[in-house]
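Engineer: how would this look folded up:
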Amino acid sequence: MKEKMGWVSWGPRLVSLFAMVCTVSGIGANWGTQATHPLPSDTVVKLMKDNGIQKVKLFDANYDTLRALGGSGIEVMVGIPNEMLASLAGSIEAAEKWVEKNVSSHMRSNVKISCVSVGNEPFLKTYNGSYLQTTYPALVNVYSALSNAGLGNQVKVTVPLNADVYESSTGLPSGGDFRTDIHGLMLKIVEFLSEKGSPFTVNIYPFISLYSDANFPVEYAFFDGNSSPVNDGGMVYSNMFDPNHDALVHALQKNGYGNLPIIVGEIGWPTDGDRNANSEYARRFNQGFMNHISGGKGTPMRPGSIDAYIFSLIDEDAKSIDPGNFERHWGIFTFDGLPKYTLILGTTNSGAPLVRAADVRYLQKKWCVMDLSAKLDDPQLAPSVSYACGLADCTSLGYGTTCGNLDARGNISYAFNSYFQKNNQRDEACKFPNLSTMTKTDPSDETCRFEIMIQPYHAGAEQRFGSLSLASVLILILLTAL
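Structural biologist: Down below sits the predicted model:
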């Protein structure tokens, strides 16, 4: 699980924080698949087409995902996970096999692959240098494999990097340069990208500023022009994105690569899991960003169009929450393909808001809740809730979240239902000892949605996430026996 990092200039100080095309300009989307019950790939492709999304960035090369993209006309950036960098760095043969399996074969099936992203934020400080020795040679080998396959001019390569690979010595964009500990490595990568006509890909996350710094000036995160502007040698900045982006431009210029194309590989705002992660802020930020880039104005240091991929398309309820509970709520659509708020991407001629996913199939309309006869002081209550949340998703509970208004019984019911739905509403998933019961009355309220899970997409997803393991059954039996 990646952490998102970046920095923001505010007056004279530098705030450090935890914060990712190739041809089609404008807005694309990141399509992540870390979900217990993913939507069918064909449904997601139709969702993108219905909303005019013309390009997509993937984090791997899943066969079914790429199959569904065949013939869609959607431009694809296919991904290589960090865990594969070592094998690809050590063998051109391994890179050639990867290219044949995950690029060439799909392009023969009319998948419009235009770029391969080698790794994902591999130089995050939290990785403690794990990928410093493998990223560059993997990049070189993948490019060579593409060239050997006759795709060197057609398919570009890039490395999606977090904004923590550059920093500013002055707290202003003009002080931007690559991090001292990786400066030489960054120059090797930048030189290679420049020689091969490939872009620099960076992930920028203004949300993390609010998450990590209670004193951060809120208005500076948005694009409304309500913040106090920052002047950097005549360049005026009224939002966080522009100076962050331009610090990278300065870093490239200082090292002789001022014309290298830049892609914003990830940018977005979550809707739950934190007091600043809500639908209104997400709508305000994402719509502001769409408006900001739609006119082709660019940034003070880089006028012109901006190529970007919104993070992300759909919520992922199986993502790690180590960086924060918000990690599972970045989607502009819910897990079942419902628009979370009114957002006009500007990708259709009509300028219409988001369109929901079509033909989504749900499980039965039933929920698992706390039994009315159960007592809040029952000694088995705490371990039962902890067990349910540990194996399901309770990130919508807590201060400032969408379900933060629930009382104690409501919180418990939410936890039980999340576990029940993740396990495909199986009877044994609602047998918390003398504590739970099934109901056909929807416990949702105006702000808190008690989910009904969508039907499992395929056996693999169900076996991986959706079925009760033997250990789970034994633990429930043990709780009952206590």
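
Engineer: what's near enough to touch the closest residue to residue 47 other than its chain neighbours?
Structural biologist: Distances taken as CB to CB, 6 or more residues apart in numbering put residue 357 closest to residue 47, at 4.6 Å, once the chain neighbours are dropped. C-beta: built from backbone N, CA, C; applies to glycine. By CB atoms under 8 Å, 6 or more residues apart in numbering, the residues touching residue 357 are 39, 43-44, 46-47, 333, 336-338.

Engineer: Now flag whichever of those is closest to residue 414.
Structural biologist: residue 336 (17.1 Å; CB to CB).

Engineer: who touches the closest one in this structure?
Structural biologist: Contacts of residue 336 by CB under 8 Å, 6+ apart are 39, 357, 360, 362, 454.

Engineer: Other residues contacting the helix or strand residue 57 falls within?
Structural biologist: Element membership of residue 57, judged by DSSP states H and E, is strand 55-58. Applying CB under 8 Å, 6+ apart, the external contacts of strand 55-58 come out as 20-21, 24, 26, 28-31, 48, 65-66, 69, 74-79, 114, 117, 265-266, 309, 313.

Engineer: List only buried entries from the residues you listed.
Structural biologist: 20-21, 26, 28-31, 48, 65-66, 69, 74-79, 114, 117, 265-266, 309, 313 (16 or more other CB atoms under 10 Å).

Engineer: out of those residues, which are inside strands?
Structural biologist: Counted as lying in strands by DSSP state E, out of the buried ones among the contacts of strand 55-58, are 28-31, 75-79, 114, 117, 265-266, 309.

Engineer: Residue 45 and residue 67, how far apart?
Structural biologist: 10 Å (CB to CB, to the nearest Å).

Engineer: Compare those two (neighbour count), which wins?
Structural biologist: residue 45 (22 against 14; other CB atoms under 10 Å).

Engineer: Can you name every helix or strand that the one helix or strand that one maps to contacts?
Structural biologist: Taking DSSP H and E as the criterion, residue 45 maps to helix 41-50. Applying 3 or more CB pairs under 8 Å, 6 or more residues apart in numbering; DSSP states H and E, one finds that helix 41-50 contacts strand 27-31, helix 63-69.

Engineer: repeat that with 10 Å
Structural biologist: The helices and strands touching helix 41-50, judged by 3 or more CB pairs under 10 Å, 6 or more residues apart in numbering; DSSP states H and E, are strand 27-31, strand 55-58, helix 63-69.

Engineer: next one: the second one to chain centre, how far?
Structural biologist: Going back to what we said before, that points to strand 55-58. Mean C-alpha position of strand 55-58 versus that of the full chain (CA atoms, centre = their mean, to the nearest Å) differs by 11 Å.

Engineer: Could you do stretch 365-382 as well?
Structural biologist: 34 Å.

Engineer: Any idea how far apart the tips of it sit?
Structural biologist: 27 Å (CA to CA, to the nearest Å).

Engineer: Now it: average pLDDT?
Structural biologist: For stretch 365-382, mean pLDDT is 97.

Engineer: how about the strands of the stretch 201-350 of the chain, start to end?
Structural biologist: 230-232, 235-237, 262-267, 307-310 (DSSP state E, counting those that start in this stretch).

Engineer: Check for me that residue 368 belongs to a strand.
Structural biologist: Yes: under DSSP: H, G, I helix; E, B strand; the rest coil, residue 368 falls within a strand.

Engineer: circling back: quick one, which of the strands of the stretch 201-350 of the chain gets closest to residue 384.
Structural biologist: Closest among the strands of the stretch 201-350 of the chain, using CB to CB: strand 262-267, at 36.9 Å.

Engineer: Spit out the contact partners of residue 191.
Structural biologist: 255-257, 260 (CB atoms under 10 Å, 6 or more residues apart in numbering).

Engineer: List only buried entries from those residues.
Structural biologist: Buried among the contacts of residue 191 (16+ other CB under 10 Å): 255, 257, 260.

Engineer: can you redo these as JSON lines with pLDDT?
Structural biologist: Converted to JSON lines, those look like this (pLDDT from 0 to 100):
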{"residue": "255", "pLDDT": "98"}
{"residue": "257", "pLDDT": "98"}
{"residue": "260", "pLDDT": "98"}
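
Engineer: Low-confidence regions, this structure specifically.
Structural biologist: The chain contains residues with pLDDT under 70 at 1-25, 349-350, 459-482.
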